[in-house]
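1. okay, predicted coordinates and the sequence, questions at the end:
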Amino acid sequence: MAQPLPDQEIGAVRAALDLLVAPSRGRRFQSAALPEGMTLLLRIVADDQGAIEASAQRTQNSPQKLQEAAAFYVEQILLAANSDSYRVLGARRNATPGELRRHLALLCKWLHSERCPELAGSMFFLRITHAWNNLKTPERRADYDATLDARMAALAARKARVDDFANTHGGNGKARPPCGEALAASQGQARIGAARKRKAHSLWRRLIAFAFGAQAR
């Protein structure tokens, strides 16, 4: 009998089951940090019977559902278009070389199984091997980390500029005046509107008087 799994190891499996039930949460999962227990999830997707049995006992789900959920999570979250090389391999940036190597092996085993369609498998294989090439040596990993840091800094700066523009322009492309100026402008428009109404009313009265005067003559 499989040994009970600790809470920290089952986190990724539970996340995969949640995603399978509610795929609409995919965008949120893609932007969130990877949960604990990714190695167990990849063991499931690679058809490791020990991992499948232990996870089935802990979550009270069938082996088939666990494998479906694990594969769906890998496809939708790890292999998403915006995933960096660490995420593609189901790892965080502090992962050891041994962890990265093991995850690569598990993913390759999944890709060579009958459960992975040939076309999708070939596309996924390119993503996974490219990620591994970025991280497989200390030198390449250092270069990739520097590139990743620069990209993240650029994205953060861009977001800050967008937020600053939205705060300044109110999201409609027009500059928002300070509260005091806005209030004065509103009051000015109200005075102009009242004057126009008085002028129109006076003109209307003159027209009525003219019409009745013409009738009297």
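-> That came through, no problem. What you see is a predicted model; the values in this text were computed from it and never measured. Numbers count the residues shown, from 1 in each chain.
2. now do the helices in this protein.
-> 7-21, 26-31, 38-45, 49-59, 63-73, 85-88, 97-111, 118-135, 138-169, 179-216 (DSSP state H).
3. comparing these, which yields the minimum mean pLDDT?
-> Least confident of the helices of the chain, judged by mean pLDDT, is helix 179-216 with a mean of 55.
4. from residue 28, how far off is the closest residue in space to residue 63 that isn't next to it in sequence?
-> Leaving aside its sequence neighbours, residue 63 sits nearest to residue 52 (CB to CB, 6 or more residues apart in numbering; 4.8 Å). For every residue, glycine as well, the C-beta is placed using N, CA and C. Here the criterion is CB to CB, to the nearest Å. By it, residue 52 lies 26 Å from residue 28.
5. could you do residue 44 as well?
-> 22 Å.
6. the more surrounded of these two?
-> Neighbours per residue (other CB atoms under 10 Å) separate residue 44 from residue 28, with residue 44 holding more: 30 against 10.
7. OK, contacts around that one?
-> 13, 51-52, 55, 66-67, 70 (CB atoms under 8 Å, 6 or more residues apart in numbering).
8. and these as a markdown table, adding distance to residue 95 and neighbour count?
-> Converted to a markdown table, the contacts of residue 44 look like this (distance: CB to CB, whole Å; neighbours: other CB atoms under 10 Å):
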| residue | distance to residue 95 | neighbour count |
| --- | --- | --- |
| 13 | 19 | 29 |
| 51 | 19 | 24 |
| 52 | 23 | 23 |
| 55 | 21 | 30 |
| 66 | 23 | 23 |
| 67 | 24 | 20 |
| 70 | 19 | 27 |
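9. need those residues in JSON lines (columns: distance to residue 129).
-> Shown next, in JSON lines, are these (distance: CB to CB, whole Å):
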{"residue": "13", "distance to residue 129": "26"}
{"residue": "51", "distance to residue 129": "24"}
{"residue": "52", "distance to residue 129": "26"}
{"residue": "55", "distance to residue 129": "27"}
{"residue": "66", "distance to residue 129": "26"}
{"residue": "67", "distance to residue 129": "23"}
{"residue": "70", "distance to residue 129": "20"}
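10. ok, residue 51 - contacts?
-> 40, 43-44.
11. which among these gets closest to residue 139?
-> If you rank these by distance to residue 139 using CB to CB, residue 43 comes first, at 29.7 Å.
12. what domains does the record give for this protein?
-> 7-136, 138-176, 185-216 (automatic domain parsing).
13. mind listing what's buried in stretch 100-119?
-> Residues 100, 102-104, 106-111, 116 are the ones in stretch 100-119 that count as buried (16 or more other CB atoms under 10 Å).
14. what of stretch 39-51?
-> 39-48, 51.
15. ok, now stretch 141-151?
-> 141, 144.
16. how far out from the middle of the chain is it?
-> Offset of stretch 141-151 from its chain centre (CA atoms, centre = their mean, to the nearest Å): 21 Å.
17. need phi/psi at residue 96.
-> Dihedral pair for residue 96: phi -80, psi 160, per degrees, to the nearest 10.
18. show me what contacts residue 125?
-> By CB under 8 Å, 6+ apart, the neighbours of residue 125 are 108, 111.
19. what separates the spatially closest residue to residue 145 that is not a sequence neighbour from residue 31, distance-wise?
-> What sits nearest to residue 145 in space, not counting adjacent residues and going by CB to CB, 6+ apart, is residue 93, at 7.3 Å. For residue 93, the distance to residue 31 (CB to CB) stands at 16 Å.
20. thanks a lot, catch you later.
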